[in-house]
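Trainee: Show me how the following folds:
(4 chains)
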4 protein chains.
Amino acid sequence: MGSIFGKLFQISTFGESHGAGIGVVIDGCPSQLPISAEEIQCELDRRRPGQSALSTPRKEGDRVEILSGVYQGQTTGTPITLLVRNTDHRPQAYDKLRDQFRPSHADFTYIAKYGFRNPEGGGRASARETVGRVAAGAIAKKLLAALCPEIEFSCYVESVAEIAMPPCETFFPQSEIERVPVRCPHAEIAEKMEARIKTARADGDSVGGTIRCKIRGVPAGLGEPVFDRLEADLAKAMLCIPATKGFEIGSGFAGTRLCGSEHNDAFEMREGKIRTATNRSGGVQGGISNGEEINFRIAFKPTPTIAKKQASVDASGTPCEVIGHGRHDPCVLPRAVPVVEAMAALVLADHLLRQRAQRVF
Amino acid sequence: MGSIFGKLFQISTFGESHGAGIGVVIDGCPSQLPISAEEIQCELDRRRPGQSALSTPRKEGDRVEILSGVYQGQTTGTPITLLVRNTDHRPQAYDKLRDQFRPSHADFTYIAKYGFRNPEGGGRASARETVGRVAAGAIAKKLLAALCPEIEFSCYVESVAEIAMPPCETFFPQSEIERVPVRCPHAEIAEKMEARIKTARADGDSVGGTIRCKIRGVPAGLGEPVFDRLEADLAKAMLCIPATKGFEIGSGFAGTRLCGSEHNDAFEMREGKIRTATNRSGGVQGGISNGEEINFRIAFKPTPTIAKKQASVDASGTPCEVIGHGRHDPCVLPRAVPVVEAMAALVLADHLLRQRAQRVF
Amino acid sequence: MGSIFGKLFQISTFGESHGAGIGVVIDGCPSQLPISAEEIQCELDRRRPGQSALSTPRKEGDRVEILSGVYQGQTTGTPITLLVRNTDHRPQAYDKLRDQFRPSHADFTYIAKYGFRNPEGGGRASARETVGRVAAGAIAKKLLAALCPEIEFSCYVESVAEIAMPPCETFFPQSEIERVPVRCPHAEIAEKMEARIKTARADGDSVGGTIRCKIRGVPAGLGEPVFDRLEADLAKAMLCIPATKGFEIGSGFAGTRLCGSEHNDAFEMREGKIRTATNRSGGVQGGISNGEEINFRIAFKPTPTIAKKQASVDASGTPCEVIGHGRHDPCVLPRAVPVVEAMAALVLADHLLRQRAQRVF
Amino acid sequence: MGSIFGKLFQISTFGESHGAGIGVVIDGCPSQLPISAEEIQCELDRRRPGQSALSTPRKEGDRVEILSGVYQGQTTGTPITLLVRNTDHRPQAYDKLRDQFRPSHADFTYIAKYGFRNPEGGGRASARETVGRVAAGAIAKKLLAALCPEIEFSCYVESVAEIAMPPCETFFPQSEIERVPVRCPHAEIAEKMEARIKTARADGDSVGGTIRCKIRGVPAGLGEPVFDRLEADLAKAMLCIPATKGFEIGSGFAGTRLCGSEHNDAFEMREGKIRTATNRSGGVQGGISNGEEINFRIAFKPTPTIAKKQASVDASGTPCEVIGHGRHDPCVLPRAVPVVEAMAALVLADHLLRQRAQRVF
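Mentor: Numbers count the residues shown, from 1 in each chain, chains lettered A, B, ... in the order given. As a prediction, this is how the structure comes out:
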């Protein structure tokens, strides 16, 4: 239960880190949308490990295969299935961890929930599960591009550990963000982040950070009061990405220190359109997009897998020492950028279809 | 669309601020749970305005009526409907606002979405909609108390504008929190908060703040990877409360500055149980509760309704001046505490039933 | 659980026969649809008992109140709540039945399911629950009329016990059907049906029958392969009406005796449109409407409540004699006609919105 | 949209007749259920064409692969994905049909709905889609066997064209049904049915028929009033099988000719349990199972694909002659038996989990 996301553009992800494969079924994508395996592959490649010295040396081939729902380069309106076979499979690497509970991993809670778990590579709890999301997100992005060509994403690493970009209102184009492996558009800060990540790796440790996501061109009117507000669905979408611990939109936590008179976004006419003079709302008012830039931030904890020795217990409750093996990223932030984009695209695609269904008069 | 929440313990709220009434239908509450209108009323009274000098003088009678689903003091297993009639209805108070877009309110976005809106008291966008949630939450709490008697809530105002409680690990009992109208358990800070709110009122302005929610006694195993993670469902539940702008669980945004070795929660045996030595995870690992205290924090922006003059435009795009009339809280935080509890209880009740359905072997 | 119906045009019914009231919340009705309490009342009056000598003398006032979601005569896009207060409440009439299991009623199964039941008037199992459906159906019909003005219903009683209309292809207008209380458009047969129902009443017995429902003007393209096929959703909609035992569409059970070459509906051009020469498909092919007349039939068993003595057991398993009190219809068919229409309208409205959401290119 | 079925035991089927493959994702199967590819294969083999002279000579290899959700022979509680690769792929066989609308097929309606279609082997409209259902059904059956070992299916072909078994109350064991390819347990009738099917094939024609499904051992209490009644969910499950045109439970259409006093099932004590003396209810009362045998019947129309010439039109509206190529069954009934069982098992598994979630006191 719990592996289905969305109401109209509905995805169902499946697969474990070291099983036969990983993938997604998309039910509810409109027909006649042009899509190719290459376009999906592009997004997967952005998520793929081994892209730089910053990430795990594990070579995930991650070649996507379209199993259904696309005919002669167009969606048919029926379920689209995308499968990525697991190729780099070394279960024995996890033998030692079979009974140990790695601190701040899902080992213990999976046992508590299911009474049983697949320990290989974290099984379903592995961040590799996000492959399905990124693949589905690639199609959601195509749909958005077709229906609202003005939608544009600017999603980047804003901080790594204590190293943070200064606050800024620039809408960085994706090309600028993708220039460096750390996916931070501020050249100087990016360099420091890379150094910080390398230090963490050298220390056998890990670091966390924050990702900023800005989306412009979203039409006003998306989001469903009262429970399926746009910010609520975005919050859920972000907090279900592994390792996330926080979400804020617009002024967020900092805005709680302002007065209403300082915080309110005054309406004004700009180029013949009703706009807000400021954007502390982050593009959403009353749960509905207002046409301004959507702007939110997500907190990622430091990856729990580290090479250092850690005290823990095993399934029988006996104290033990855990040492991370496997091949893991000291910092997931750069590779999480396409995952954040994918989840945001899925939320927007779903709400766009919902709004089409109900705005009939 | 969007007014249904939950998968098994499913609620459907309805009603506007100034219509006939406001309420909720609960579908999926197990049968034979004892419940009385008085118990529900108790929770509603905690949310009710006019409880102190801190909140709006509007006198909402808010008497709940059980329309269905309860027979001889017990739930029947069929839909439970709770209705609160609107009594203090003065639509004319809103006449002036009919065509004006109040800054940072939902006036503009409701028009963008629905092409039309009920302007009286904000209609469906009014915080009064949360009456239905609190009423349903009262039943969810009863269900939790019956199934997991050890579950306990400690939910309080942690900051108002710049006035914040120092970080602390105490689990304040509800009685201590409810002692003062501002619902902050730190006596000295509470006094400052009250003063700050009164200043805001005197200024015709408003203030925001944060609410902390701790829940202990939650059994390990609740939450559904990968999308319906417990923290993801909590994030959605909180971000769909009006005026919220952020959510963090456990170490949250601050935790992003730690290394993995500092952040990980080591497992240890305590009183014969597997426990974590620290709780930076906030009670959730891999999307599933681990039996530790669930601990999260929510950001509320300052209420957008203020008495000060504000620049805006009307529906035709003509510039205008908006002056808040109506009777509004300068700070919603104290009254939002029972709403936060209600939403958390709804999420937990739903996940408890889900876990019962699937943990069969 | 189980009291929510529909995916986009979603209804949630509530209420028991003898509780405070009965009603429905509709979430997902588009905004700006004109609707009045009177229009809803018209449909409820068609379902109301006491309309003729054929039905129960119970006088249900059944005045509908719109609690939410409509402002100045138009839907607002937010949940619409319709409430009908129960007025003719005599719980003592059911005292004797409190522990007895009436044959073929839901008394026994409600205990088996919920461990507990509200015995007054059948509680939630009463056919009075359909009030909420008819009220919601009135709004679904208005939506259909606004979006597809050519949609028209012809729904009537085709047989009562052994008295049946001869097979016919006429599309009877509603006015012709409503002329007689038995709601059969064949004057001669209608008379016999009325006589048969009166005999059943005189005997303290009851009769069943079939209802035919034809709908024309439904655009091609509604219905979602593979599970939410139009006929599958219609079948569910009909089989969840109390006392129904069967559903067939188009050629139905009789068609199973034909060869493919006899059964297939040849395509042809008619008035410039692709049409089928015959309509054994009943307006649906591959789960999707084909623009032809939708045509289905529903079997209703004889009402289980009869005045005759019946052998049964009570909750303790002790044999007892059950004698029907209360005031019941000897034949529910005539009053079930508006319920069938309502359920069909709900299915069509839902699928119409679904199709709008997905047919975007 | 529309390819997801179930609320807790939720399946999502995918795939087309002649694409890469066909399969299913099951989300919500409890953990620690033993399952092997062989067990699933067994059910698939029962559905496979080419089993006898009665069905299409097309050799579907139909080897199932478990892609996820099973570890060391047990379900993990996470999504189970089952994939069957398409091997016998000859798209050119369908070239001629690319623009023609085959009578009573989904060709026309798919175009009406999606504006576009995959013509190869019927694409998603092919009965081959049921492979995913049968595979998922195999797991649902395992779950039922584990939770309610007394549940047993007796599902068989009751009639083919005009050749029908006499009414009988015997609960035929599966072994007896599977003895002959036509899956009719009445030896003499089975022989006539086989002859009838062979005649249809020789004629280049096809035949329909009815399937009877009896299930015993289902505990009382399954089914959710008011919309998710057990019979309503069964009706939907059956009417979403390709080529079905009708459903009846218990006394069905024939029961509409009885009086209430003849139709009611009297309660009595039998072997210390409350039972009904007769079973016209078909095992369901008020939408909830009563512990008696569940007994329903489904109408299948004659397969629309026939070898005879048929008049039709093409996509441009030009009259044409359609001649069935491909390799098709003259009668789908025998192979539909495992599909009916699978759909019934899916409904029961879902309702069993639902009842576990809500019967907590």
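Trainee: quick check, A:T256 in a helix?
Mentor: Yes - assessed by DSSP: H, G, I helix; E, B strand; the rest coil, A:T256 belongs to a helix.
Trainee: Hmm, it is touching B:G209, no?
Mentor: Yes - in this structure, A:T256 is within contact of B:G209 by Cβ atoms under 8 Å, at 5.2 Å. Every residue, glycine included, has its C-beta placed from N, CA and C.
Trainee: For the stretch 51-200 of chain A, which segments count as strands?
Mentor: A:64-68, A:70-71, A:74-75, A:80-85, A:152-160, A:163-164 (DSSP state E, counting those that start in this stretch).
Trainee: okay, those in JSON lines with mean pLDDT and distance to B:A146 next?
Mentor: Shown next, in JSON lines, are these (pLDDT from 0 to 100; distance: least, Cβ to Cβ, whole Å):
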{"stretch": "strand A:64-68", "mean pLDDT": "97", "distance to B:A146": "46"}
{"stretch": "strand A:70-71", "mean pLDDT": "96", "distance to B:A146": "50"}
{"stretch": "strand A:74-75", "mean pLDDT": "97", "distance to B:A146": "48"}
{"stretch": "strand A:80-85", "mean pLDDT": "97", "distance to B:A146": "43"}
{"stretch": "strand A:152-160", "mean pLDDT": "98", "distance to B:A146": "45"}
{"stretch": "strand A:163-164", "mean pLDDT": "98", "distance to B:A146": "47"}
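Trainee: can I get the ones you listed in CSV with distance to C:I11 and mean neighbour count?
Mentor: Compiled in CSV, these are given as follows (distance: least, Cβ to Cβ, whole Å; neighbours: other Cβ atoms under 10 Å in any protein chain shown):
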stretch, distance to C:I11, mean neighbour count
strand A:64-68, 33, 22
strand A:70-71, 35, 24
strand A:74-75, 31, 22
strand A:80-85, 30, 26
strand A:152-160, 37, 24
strand A:163-164, 49, 20
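Trainee: Dump these into a markdown table; add distance to chain D as well.
Mentor: Below are the strands of the stretch 51-200 of chain A laid out as a markdown table (distance: least, Cβ to the nearest Cβ, whole Å):
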| stretch | distance to chain D |
| --- | --- |
| strand A:64-68 | 4 |
| strand A:70-71 | 4 |
| strand A:74-75 | 6 |
| strand A:80-85 | 4 |
| strand A:152-160 | 26 |
| strand A:163-164 | 36 |
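Trainee: can you tell which of the ones you listed is closest to chain B?
Mentor: strand A:152-160 (6.6 Å; Cβ to the nearest Cβ).
Trainee: what is in contact with A:T256 and B:G209 at once?
Mentor: Residues touching both A:T256 and B:G209 by Cβ atoms under 8 Å, 6 or more residues apart in numbering or on different chains: B:159, B:161, B:300.
Trainee: Could you report the pLDDT at the second one?
Mentor: As predicted, B:A161 sits at a pLDDT of 98.
Trainee: Can you report how many residues neighbour the nearest residue in space to it that is not next to it in sequence?
Mentor: The shortest distance from B:A161 to any residue other than its chain neighbours is 4.3 Å, reached at B:V207 (Cβ to Cβ, 6 or more residues apart in numbering or on different chains). Neighbours of B:V207 under the rule other Cβ atoms under 10 Å in any protein chain shown: 31.
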